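Trainee: What would the 3D arrangement of this be:
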Amino acid sequence: MHALIFEQFGPPEVLQWREVPDPVPPAGHALVRIAAAGLNFADVYRRRGAYHMDATPPWILGYEGAGTIVGLGDADHGGFAVGDRVGFADAPRANAELVAVPVDKLVALPGEISAELAAAVLLQGLTAHYLVHDSFAVRAGQTAVVHAAAGGVGLLLTQMLVAKGARVIALASSATKREAAIRAGASHAFGYDVDWVAEVRGVQAAGVDVVYESVGSTLPASMAATRNGGAVVFYGFAGGDPPAVDPRVLMDRSLTLTGGDLWNVLISAQERRRRAAELFAMMRGGALAVTIAAQVPLADGAAAHRMLEGRGTIGKLVLTTGA
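Mentor: Have a look, this model is predicted:
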């Protein structure tokens, strides 16, 4: 098979489309022929050497993909069969034509959900799902600030908040991205080149109920935009590490600062499939529209990485194999 590999950390140019041995699915795994894989900033961080990778190269990126089962490791197939269409959000080495995936991490795809849609929505959609249900249980009438609101998570998060009856104030880096956030349901959208805390306070003088913080370096401003007794959900640091937080600030303002990580939520096959089913139901019902920024051949993965790092895309970049 071919895979998008790299043997040293560095810029997108370290990525190569090369032939490597086919994976052999061990017990409890399925061999999936990949049709589409989702590209995420975590892939960029791993390529740069900022995230843990396997001990030895060549490394294969990717944790999110969709395709068709072409083999099973043993009789313990978890109810799946050869020929089933499946997706996954948390199995490594997805940037390849074939991937061995634990069967408990597979999600069956409904007929109306294409491989491309699944690869575009599973990881980021499940992230948005736990953010509005677990990290902060949003109620109708509350107001939320969403950072990077035109990104893959941001657009889905905005729609989920609106579907729960919340008002969304979007933050995005360009006019085009802010327009996309408004189309997704945000009532207001502000840029990072203005005093956005003052703008948010102009909409909600007492401060908002919750801020979804994915930039990192903006954490102090997010706390300043939150009402006394409100919450900041920290789930990413695309703009750099956050500064240290004085816990006395949390005490003085009765603020809640909580972290969020999808891997702490997808704790079983049943939980993974329950949440995915709710995600697919929202898509079928029209409450959730998935924006695919571009579909790029997996062989041209370096170009897709450059697009993502350029931060000009709206929605999700999807890598395709033609399978």
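Trainee: use CA for all of it now, contacts and neighbours both
Mentor: OK.
Trainee: gap between the residue sitting furthest away from the middle of the chain and residue 52?
Mentor: When distances are taken from the C-alpha mean of the chain, residue 252 lies farthest, 33.0 Å away, according to Cα atoms, centre = their mean. In this structure, residue 252 and residue 52 are 37 Å apart, going by Cα to Cα, to the nearest Å.
Trainee: got it, and residue 184?
Mentor: Here residue 184 is placed at a distance of 34 Å from residue 52 (Cα to Cα).
Trainee: who has more neighbours, these two?
Mentor: Between residue 184 and residue 52, counted using other Cα atoms under 10 Å, residue 184 has the larger neighbour count: 24 against 9.
Trainee: What sits closest to that one if chain neighbours are left out?
Mentor: The shortest distance from residue 184 to any non-neighbouring residue, by Cα to Cα, 6 or more residues apart in numbering, is to residue 159 (5.8 Å).
Trainee: residues contacting that neighbour?
Mentor: Contacts for residue 159 (Cα atoms under 8 Å, 6 or more residues apart in numbering) come out as 184-185, 287-288.
Trainee: now do residue 144
Mentor: 161, 166-169, 208-212.
Trainee: now do 6 Å
Mentor: 168, 208-211 (Cα atoms under 6 Å, 6 or more residues apart in numbering).
Trainee: Helices - which of the residues you listed land there?
Mentor: Using DSSP state H, no member of those sits in helices.
Trainee: before we move on, back to that, so the residue nearest to residue 184 belongs to a strand, correct?
Mentor: No. Residue state for residue 159 (DSSP: H, G, I helix; E, B strand; the rest coil) corresponds to helix; a strand is not indicated.
Trainee: And it, how far from residue 41?
Mentor: On the measure of Cα to Cα, residue 159 and residue 41 end up 21 Å apart.
Trainee: for residue 71, same thing?
Mentor: Distance from residue 71 to residue 41, by Cα to Cα: 30 Å.
Trainee: what ranges do the helices span in the chain?
Mentor: Counting by DSSP H, the helices of the chain are 41-48, 115-130, 152-163, 175-183, 196-203, 219-224, 247-253, 269-285, 301-309.
Trainee: Show me what the fourth one is packed against.
Mentor: Pointing back at helix 175-183 there. The helices and strands touching helix 175-183, judged by 3 or more Cα pairs under 6 Å, 6 or more residues apart in numbering; DSSP states H and E, number zero.
Trainee: Next, the buried residues of that helix.
Mentor: Buried residues in helix 175-183, defined by neighbour count with 16 or more other Cα atoms under 10 Å: 177-182.
Trainee: likewise the shortest one?
Mentor: Of the residues in helix 219-224, those buried by neighbour count under the rule 16+ other Cα under 10 Å are 219, 222-224.
Trainee: So which of those residues is the closest to residue 303?
Mentor: Set against residue 303, the nearest of those by Cα to Cα is residue 219 (31.0 Å).
Trainee: contacting residues for that closest one?
Mentor: Contacts of residue 219 by Cα under 6 Å, 6+ apart are residue 242.
Trainee: how far away is it from residue 259?
Mentor: The separation that residue 219 has from residue 259, given Cα to Cα, amounts to 12 Å.
Trainee: so for stretch 1-11, what's the average pLDDT?
Mentor: Averaged over stretch 1-11, pLDDT sits at 97.
Trainee: Convert that stretch to PDB, retaining C-alpha atoms only.
Mentor: Only the C-alpha atoms of stretch 1-11 are listed here, as PDB (Å, rounded to 0.1, in the frame of the first residue of the first chain):
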ATOM      1  CA  MET A   1       0.000   0.000   0.000                       C
ATOM      2  CA  HIS A   2       0.900   3.700  -0.100                       C
ATOM      3  CA  ALA A   3       1.000   6.000   2.900                       C
ATOM      4  CA  LEU A   4       1.800   9.600   3.700                       C
ATOM      5  CA  ILE A   5       5.000   9.100   5.700                       C
ATOM      6  CA  PHE A   6       7.800  11.200   7.200                       C
ATOM      7  CA  GLU A   7      11.100  10.300   8.700                       C
ATOM      8  CA  GLN A   8      12.100  13.500  10.500                       C
ATOM      9  CA  PHE A   9      10.200  16.300  12.100                       C
ATOM     10  CA  GLY A  10       9.800  19.500  10.100                       C
ATOM     11  CA  PRO A  11       7.800  21.600   7.600                       C
END
